[in-house]
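Enquirer: when you get a sec, could you give me coordinates for this:
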Amino acid sequence: MGERIASSAIATRARPRLVVAVITLVVLAAGSVVSAPPAVAAAVPGVSSVAPTAGPVAGGTVVTVNGSNLSGATAVKFGTVAGTALTPVSASQLKVTAPAHVAGVVDVRVTTPGGTSPIVTGDRYTFVAVPGVSSVAPNAGPVAGGMVVTVNGSNLSGATAVKFGTVAGTALTPVSASQLKVTAPAHVAGVVDVRVTTPGGTSPIVTADRYTYIQNIHCGAITSNTTWTAAVIHQISCGVTIKSGATLTVAAGTIVKAAPSAAVTVNAGGHLVIAGTSARRVFLTSLSDDSVGGDTNKDGHGTVPGAGDFVVSVQPGGSMAMDHGDFRFGTLRAGATNASVSVSVVVT
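Expert: Numbers count the residues shown, from 1 in each chain. All right, here's what the predicted structure looks like:
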């Protein structure tokens, strides 16, 4: 019995496993060379677009380059000048900072281990010169804004904004590389610099870009009773319309000057009252008339007044009354044929 137990115990012991490893040996003859698998050549990069497509000649613009096979980029050149701060984003995009460069159009080309991207239309980038302002005309306007200002200068193409001080003008209209037009915004009285912004930067401040907001320059509609006094010389810059229910009274001793053909229009139901006295007459005259109130337009007597510079147009249903007033270089238009208007002029 004891021997059976011993035999059974022996039978149940784990038998060792036999592991067979097969090793293949390659024996080369003396002088033989083992060739490595052929390397896969890196694909040539390509540029499909750059954004933005323009920037200042001073450089510094961060440009996003889109394309293909851009991984591993080692250089990005703008023409022949390398950009800086190259930042990979993905195999199809990277960012780079444009270098300083002379004004003009260049190709943005990416270099990787696969080569350099070929020149295509989509890789073009324009270095733009800084704009400059040489003059603004007119160089003054009402605090209410609304004056269309012509800005002359250089490198004005592509203008994206024109600011009067810190306030942006509206209705920006390009004319040429040396001229644009813009409507002045409302602004408090005082002198501001008119500065133009393009992809090339913002024009530097110069004396010639100054524009003056004046409280007594008038342009636009008069919708409520208003009195102009002799405290200042009043200038009409772009036309004044007296609306129905409103009366414009020009007080004794007041001087009003108008830019050529800047009419005062009296609508139906509107009233214009020139309230001069024998001792203090009211003068309605041309902005170029330096004999009254001096050189108001600050042109150094460079312009002379002409017939029709100051136009008053009284529409049917409107009225005008003038007492002790001098109407110089003017034209009075009273309504239309068979229209009923009231024009009363006291000759003294």
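
Enquirer: my read: Ala103 touches Pro56, true?
Expert: No - at 9.4 Å, Ala103 does not count as touching Pro56 under the criterion of C-beta atoms under 8 Å. Where you see a C-beta, it was placed from the backbone N, CA and C, and this is true even at glycine.

Enquirer: tell me which residues touch Tyr125, please.
Expert: Taking C-beta atoms under 8 Å, 6 or more residues apart in numbering, we find Tyr125 in contact with Val50, Thr53, Ala54, Gly55, Val63, Phe78, Ala98, Val105, Val106, Asp107, Val108.

Enquirer: what about the helices in this protein?
Expert: With helices called from DSSP state H, the chain shows them at 2-11.

Enquirer: quick one: low-confidence parts of it?
Expert: Flagging of the chain using pLDDT under 70 yields the residue ranges 1-40, 335-348.

Enquirer: point to the residue nearest the middle of it.
Expert: Compute the mean C-alpha point of the chain, and by C-alpha atoms, centre = their mean the closest residue is Ala161, 1.3 Å away.

Enquirer: how close does that residue get to Pro99?
Expert: Using C-beta to C-beta, to the nearest Å, one gets 25 Å for the distance from Ala161 to Pro99.

Enquirer: likewise for Ala43?
Expert: To Pro99, Ala43 is 27 Å away according to C-beta to C-beta.

Enquirer: who has more neighbours, those two?
Expert: Under the neighbour definition other C-beta atoms under 10 Å, Ala43 and Pro99 were set side by side, and Pro99 has more, 18 against 14.

Enquirer: is it true that the more buried one touches Thr80?
Expert: No - using C-beta under 8 Å, Pro99 makes no contact with Thr80, being 10.1 Å away.

Enquirer: all strands of the stretch 1-150 of the chain, in order?
Expert: With DSSP state E, counting those that start in this stretch as the criterion, the stretch 1-150 of the chain has strands at 46-51, 54-56, 62-68, 75-78, 81-82, 84-90, 93-97, 104-112, 115-116, 124-128, 132-137, 140-142, 148-154.

Enquirer: which residues touch Thr247?
Expert: Shown in contact with Thr247 (C-beta under 8 Å, 6+ apart): Asn225, Thr226, Gly270, His271, Leu272, Val273.
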